[in-house]
Each structure stands twice: as C-alpha cells, then as structure tokens.
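Asker: what would the 3D arrangement of this be:
(2 chains)
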Protein chains: 2
Amino acid sequence: MTKDKKGMSASRRQFLTGAAAVGAGAVAGTVARAAGPDPLITEVQDWANGLGHGVDEVPYGLPIEFEGDVIRRNVPWLTADPISSINFTPIHALDGTITPQGCAFERHHSGAITLKKDDYRLMINGLVDQPLVFTYADLERFPRENHVYFCECAANTGMEWAGAQLNGAQFTHGMIHNMEYTGVPLRTLLNEAGLGAAGDFTDKWVYVEGADASSNGRSIPMEKALDDVLVAFKANGEALRREHGYPVRLVVPGWEGNMWVKWLRRIEVTDHAVESREETSKYTDTLEDGTSRKWTWIMDAKSVVTSPSPQAPITHGHGPLVITGLAWSGRGAITGVDVSIDGGKTWTQARLAKPGEKMALTRFYLDTEWNGEDMLVQSRARDDSGYVQPTKAQLRETRGLNSIYHNNCIQTWHVKTNGEAENVEVS
Amino acid sequence: MTKDKKGMSASRRQFLTGAAAVGAGAVAGTVARAAGPDPLITEVQDWANGLGHGVDEVPYGLPIEFEGDVIRRNVPWLTADPISSINFTPIHALDGTITPQGCAFERHHSGAITLKKDDYRLMINGLVDQPLVFTYADLERFPRENHVYFCECAANTGMEWAGAQLNGAQFTHGMIHNMEYTGVPLRTLLNEAGLGAAGDFTDKWVYVEGADASSNGRSIPMEKALDDVLVAFKANGEALRREHGYPVRLVVPGWEGNMWVKWLRRIEVTDHAVESREETSKYTDTLEDGTSRKWTWIMDAKSVVTSPSPQAPITHGHGPLVITGLAWSGRGAITGVDVSIDGGKTWTQARLAKPGEKMALTRFYLDTEWNGEDMLVQSRARDDSGYVQPTKAQLRETRGLNSIYHNNCIQTWHVKTNGEAENVEVS
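Answerer: Numbers count the residues shown, from 1 in each chain, chains lettered A, B, ... in the order given. Presented below is the predicted three-dimensional model:
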C-alpha cells in the first residue's frame, strides 16, 4: 500500500526488487539476495573501532580528500593572457543550487588582487549633488539586503558557437555560479550622493570600475542601477573570497558577469555610456554581416544537463536513472524545463526542485529509466517572460557564426551504451 | 526628491551629510570635506599596478587571509571527551542565512570518521517486507529533493541556563548552521523496503545509527520519518564534508541536531522506541523536581542578535547602526522578530530579509541610530504556530535550573558607551 505514495511505476518496483535478472544495475539488492555476506555490513570496520578527527583540527574546513574532482578547472589555450584568467565551476559534480565560493568559477582581467578592508575606498562622483567616498565600515552602516542570484560570464558556452568542442559540462557551461549575496542597494548609495545634479536621471548612466589594474569599466543604465543592483560584501554568509572581489563587488542580477565589477572602487554618474573597451571590442556580438550587437547585457534563458554528462557518465548500468541539471534566466524566473533523450524529437517535462526564483539557478530532475540504449540528452528552459531556450541552429540563423558571447543554445550530450557521454551537435 | 525613496529620516540624512560636527561617526564624508586628500583615492595603488593572482593558484579556494576570525572555535572546558567534540559557528561574523560548510559547527560523539563512498553501506531492517542494503551509488538513483534547513544542537545556549557565561554569540548560539541539502526522502527508502510487515505503521518507530564508534543511535517516530526526513549526500551543492557526515547523513528538519545522524549506516523499523543513551541519560531535560522531560525533539523558536555582540562591537561611534541577527523555529516559519535596546521594556519590529521559510534560518535587520548611550540589546522571535520566544525567567519558571538542553530564551547583550558588548542577564 505504500508503493503508490512514492509514485513509482510497477515496472520500476519490479526492477528494484525482482528476484530474477538483477545485475550490476540493481538499485538495491536484498540482504538475503547478496551473492555472499558483505563484510562492510557484517563485520565491525576500522572506522567504528576508535576515535575519528577532533574538532580542533580544522577551524576552517575543506572538502574531504576523496572529492578531488570537485575543483575549478582551467582550459589553458582559451585565453592569451599572461596569467590564466578563466576557470570553470565543476557543475558536473554539484547538486542543489548554491555554489560554494571555493569552487565558483573565476574570471579576472588582470588577476585577483589583494585589498584589505582598511585600504578599501568607494568613490561616487560625476553628476551627483555631493561626491562621496565610502570606507568599508561606512558601507556596513546602510540597510542591507540578501538575495540569491546567478552570475554567468557572457562567454559561457562561447566556444560552442563553432561546434561541439569542450567535453564536459564544467567547460561548456561552468562559467556560472549562484550565491546568496548580502549588500547595500546601489540606489541607496546613489541617493546618498544625491541625483539632483543629474536632472532627469532616467536617461543617465553609471560607469563602474574596479581597483585592479584592468579597472574593467562598464556602463550601466540608471534604470538598472536604481533597480536591483547591489554593492555586496558577503556571499553565502561569509566575506567574498579574494577571487570574487574581496572586500566589495557589484552584483548586477541577470546581467552578464563582466558587469559584476570586483574590487569595486568607483561609480560615476554620467549622461552617456562610456563605450569602454569592455563594451565595444569585447562583450559585443559580431553578426554575420560584420556589424555587432551591443548592450546585450541580459543573459537569456538557458539550461544544461549536468548528469549524465561527459564528466559524469552513467556507471551503474540500465534501470532507474536520475537526469539532472540547471536552468536560469536573466529575464526572470524559470517556469519549466523539458528534457529530451532523443536529440529534441520528443520532450518530457522535468521536475523543478523548487519553483523558479528570479535571476537564480533552478535545479531540475527527470526521474526515469535507462534501457541501456544510446541517448541524445538535451534540456530546454522556459522563463516567465515566455522565452524558450533556442536550438543552436536557431541561434546561428539569427546570429551567424562570428559570436563568442551569449550562446544560450540547447546543449546535446551523446550518452553511449557503455554510459559514457560526449559533447555533440544534432542537426 | 530621491531622499524619500530610500525611506531615510531627515535626521539620518542630516547626520550623513551635514557640514557640522562630523566626527568618527560619519557614514560618509564628502571628498571636498576630507581633512586632506586621501591617497587611497588620489594615488595609484600597488594593487592597480600589476597582475594579481591567476586562476590556477586555488583549484579549491579558502577565505582570504584577513578573515582569520571567521573560523569555528572550541571551548575546551565544555566537554570531558578525550578529543574535543564541539565547536561553534562564527555567527558573529556572518550575514545572510547560508552557512558555508567550512565554518559550520561540528559535534561528534567519537570524532569525525573517514568513510569512502565505495565503503559506504546503508541497511534498512526490522519490521520491513524486505531488508535492504544500499550502496552510495544506489542512493543516487532515487528521486532527490533540495531543501534549506537549520541544524541546531540541543545543547546550543545550554551553558546559559546557569547565568550569562560565554561572552560571544558564537559561543552562546553558534551550535547552529543552515545549508541547502540534497538527498532522498527517507520515506522513499522505507517504502522500497516495504512497510507491510509493520502492520499499522503509524505507531511504529525507526531507530537510526551512524557508522562511527559512538553509533549515536536515536529513535524517530514513523510519522516524522515518513514526513520530511532526508537521507542527504550534498550540502550547499557539494558533497558533505567529513565533519558533516560524508558521504551520507540524516536531515531531520526542525528537530535537535543529535538526531541528524552522520555517517548513517542503519535504519531499523521497530515497534518501540529504543530508549538509547542518547535519548535517556543525554538529550533529556531534567526539571526542578528531578524528573526529566523526554522526546523533546523540536527546537522551539529562538533568535539572537549577532551584531552588535561581544565579538562584534560597534567601532564606528554613534549615528546610523545596523542591528542584525538570526531567528529560527523547528515548528515552522518565522513570522516576525522584535528587537529591544532597553532590555525588553520596549520593542521595535525588525525587518526580515525575506519571508520566513519552514525550519530554516531567517535573517533580521533593525536599521537604527545609536545615540552613544548604553544599550541592553535583545531579540524576540515569533513563528507561524503563534509561539513567542520566552525570557530566561519564563523558561526557568517552568523548567527550573537543572537543564542543559533546549534553552531558547531571549538573549541580552549589554552594549556599553564605548561600543563594546557583554553577555548579561536582565531581571
């Protein structure tokens, strides 16, 4: 009678406990059915025979030694910078939605700088009533907000414009992380300086820059600056890590990661966009005819299956299989994700772990059975603006092949009969 | 005109930008008003003059060196165990709600053991249709859920029964953490084994134990086991750390941390509570008359101001002050938190960073002004069951002075004129 409650199909139940033909693919064998007694159950083990580690050993802990694959990884040939400047979140090995800071991807333009709180200054100048300089301690005295947001580099999935290139979800989609930020709304600080000098400020801009050598300056329309942008000093409860902009970074929800300026040092209110290097020669999308799209700030709806995937093959044989992945949209909340195992011919609605939240990662699951045959696994996200994640063909049709940035196409993994997976394209 | 939008009082505005009497307490001085040019703004700094750290340096990152105070701490005299067995989350230095695993408190009964996924087994036996043994890989094949829950040790705040003893929120209230868990509902696994053999299972129990030497066995009523208990393998997206039960721990939302068995090895369906050491001589509440309350599993509504507090004094002088803290309830969601600065004579409703979520930490803020006088700072939580956090006097009235566990009284910090704070009691 309890079987119906878990919503498991008859065939699934049969697979799980059937007496016959239970091989490596069994979810659970009965104790009695085991080939022989399992000493890991029947014998007292070493770890139950004495004391383990005391609490004084790790005042600040790291992952256990067996999780050595759950690290940020670099693709050395990807950038020509004198020091490596991009790495990728190991999304193939994570679940849930929160990204620990320790393995959240990094992108620097001149390396991660070391800046003490005491040395930190934030200047607001330009078209304001009173230019202001804030210390770190000053910032802590303004009303704070907490929000979970994803941060995605505009170049995430960028190498895939040219074809299926990087063999792993970490490399194709790992320039994303999702954290709970604590900070002061930028509008609070702008209002502190006073926007009277800006006149009708609705058509004005802010130009934001960091304290590192690159300065990484970007122009942000005032409407966004006054909406949901945060001057953040904590992520997942604790201080930002050095590589995430310690002590203060900008959080620009739903917009490309390059605008989330780290080691934030200056905010200038201007009557025009600066058209900096980072918004002209970089972070624009060159189209088929040689012209470029600019101001493509918003990260459109996107998703990827994280398991199975090239770095997370199926190792347990056929039978019950959890297909899982992440979906997100810079325009709002994810409303649904569909999963295909036949390269987009047919789709099944996945289960969202929670209702989608605005500009935050959503975890999806498809609890299914694998019959051991080849699969072409895809996911397709929908958001509350009505937008549906496009295929790569659809994207190329309007955007050509010259782009690097803003590739939000449907990704395909070819899962082979042996459970291994590979990055492929389907026509 | 922008002043009204930020909801700041006239006096606050005057304080922030007034030309007169601006001392150490100023939130922000104008650039022009600075005593002299600030070289941190006017001069090019070393960190803007070259390359910072490359991405290959830290495949898995740690906090920056300046955050050395944000670590778990032990109170050596607290337990008589051969190895230290309790430490505390640095809640005084955190914000938001998520606790990073690296600084989330630990409580072990025989130390944190090292158990590989390949060596992991979970047995379900007792009154089930078919005893089962699950490997780690088996667990990954069942439908998963994601939930953020707090875990609080029953002994959190336990030393405060006898008076104001430990001088810091980390020590009085730091046996709590709050993470996003990914796991399989326990009911799924129980149904897999089949509860037919348990007859009317509504009055049955499960007895859960860990693989460490202590085994730390606890009895859980079947109603709870079939409700929201998770067999969890990830926290905040990544694998559980060793000290949090790698590879698998039980998550028992809202109930005392001792029941969240780590290194989970066995679940037995029984027709009676086992009355183990951990639920008789320990984790029961001895009353004034010498009898003991038992089965006090649920952690009642509670809150604490984390800043200002003894480890987080006010260092910026008078003027704008953010009072912040955490609230939680094992019975459901926090609906409100009141803050007092006069030892409970008058109360002001705090701002919740987000609507309370069931059995998860809620961050609250009171954005106020400090006039530089002594304060007796308190917080008082309310939950959606209508329960209101009691004073210490109220708690002692019904529970006496013999208890160690389940102290959820209102905490008082005495903030002195110099900004330093101390743990005190008010009558």
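Asker: end to end, how far does stretch A:164-175 reach?
Answerer: End-to-end span of stretch A:164-175 (CA to CA, to the nearest Å): 17 Å.
Asker: off-centre distance for it?
Answerer: 12 Å (CA atoms, centre = their mean, to the nearest Å).
Asker: same check on stretch A:306-315?
Answerer: For stretch A:306-315, the distance to the chain centre is 18 Å (CA atoms, centre = their mean).
Asker: can you pull up the bridge partners for the residue positioned nearest the centre of chain A?
Answerer: Nearest residue to the geometric centre of chain A (CA atoms, centre = their mean): A:Ile176, 2.7 Å. Counting by DSSP bridges, A:Ile176 is bridged to A:Glu152.
Asker: so it touches A:Ala154, yeah?
Answerer: No. A:Ile176 is beyond contact range of A:Ala154, at 11.1 Å (criterion: CB atoms under 8 Å). Placement of C-beta: from N, CA and C, glycine included.
Asker: give me the common contacts of those two.
Answerer: Counting by CB atoms under 8 Å, 6 or more residues apart in numbering or on different chains, A:Ile176 and A:Ala154 have no shared contacts at all.
Asker: picking up where we left off before, give the contact list for the residue nearest to the centre of chain A.
Answerer: A:89, A:91, A:99, A:105, A:150-153, A:156, A:326, A:328, A:361.
Asker: what ranges do the strands span in the stretch 1-150 of chain A?
Answerer: Using DSSP state E, counting those that start in this stretch, the strands of the stretch 1-150 of chain A run over residues A:29-30, A:121-126, A:132-135, A:145-152.
Asker: out of these, nearest to B:Thr398?
Answerer: strand A:145-152 (35.1 Å; CB to CB).
Asker: keeping just the C-alphas, turn stretch A:234-249 into CSV.
Answerer: The C-alpha coordinates for stretch A:234-249 follow below in CSV (Å, rounded to 0.1, in the frame of the first residue of the first chain):
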residue,chain,number,x,y,z
LYS,A,234,29.2,38.8,1.6
ALA,A,235,28.5,35.7,-0.4
ASN,A,236,26.9,32.6,1.1
GLY,A,237,27.0,34.3,4.5
GLU,A,238,30.8,35.0,4.7
ALA,A,239,33.1,37.6,3.2
LEU,A,240,33.7,37.5,-0.5
ARG,A,241,36.8,35.5,-1.3
ARG,A,242,39.7,37.3,-2.9
GLU,A,243,38.9,35.9,-6.3
HIS,A,244,35.3,37.0,-6.0
GLY,A,245,36.2,40.7,-5.3
TYR,A,246,37.1,41.0,-1.6
PRO,A,247,36.0,43.1,0.1
VAL,A,248,33.3,44.5,-2.2
ARG,A,249,31.9,43.6,-5.6
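Asker: what's the average pLDDT for it?
Answerer: The average pLDDT for stretch A:234-249 rounds to 98.
Asker: show me where the stretch 101-250 of chain A has helices.
Answerer: A:136-139, A:169-173, A:186-193, A:222-225 (DSSP state H, counting those that start in this stretch).
Asker: quick one: mean pLDDT over the longest one.
Answerer: Across helix A:186-193, pLDDT averages out at 97.
Asker: ok, A:Gly237 to chain B distance?
Answerer: Separation of A:Gly237 from chain B (CB to the nearest CB, to the nearest Å) stands at 4 Å.
Asker: what is the burial count for that residue?
Answerer: 29 (other CB atoms under 10 Å in any protein chain shown).
Asker: kind regards, and thank you for your time.
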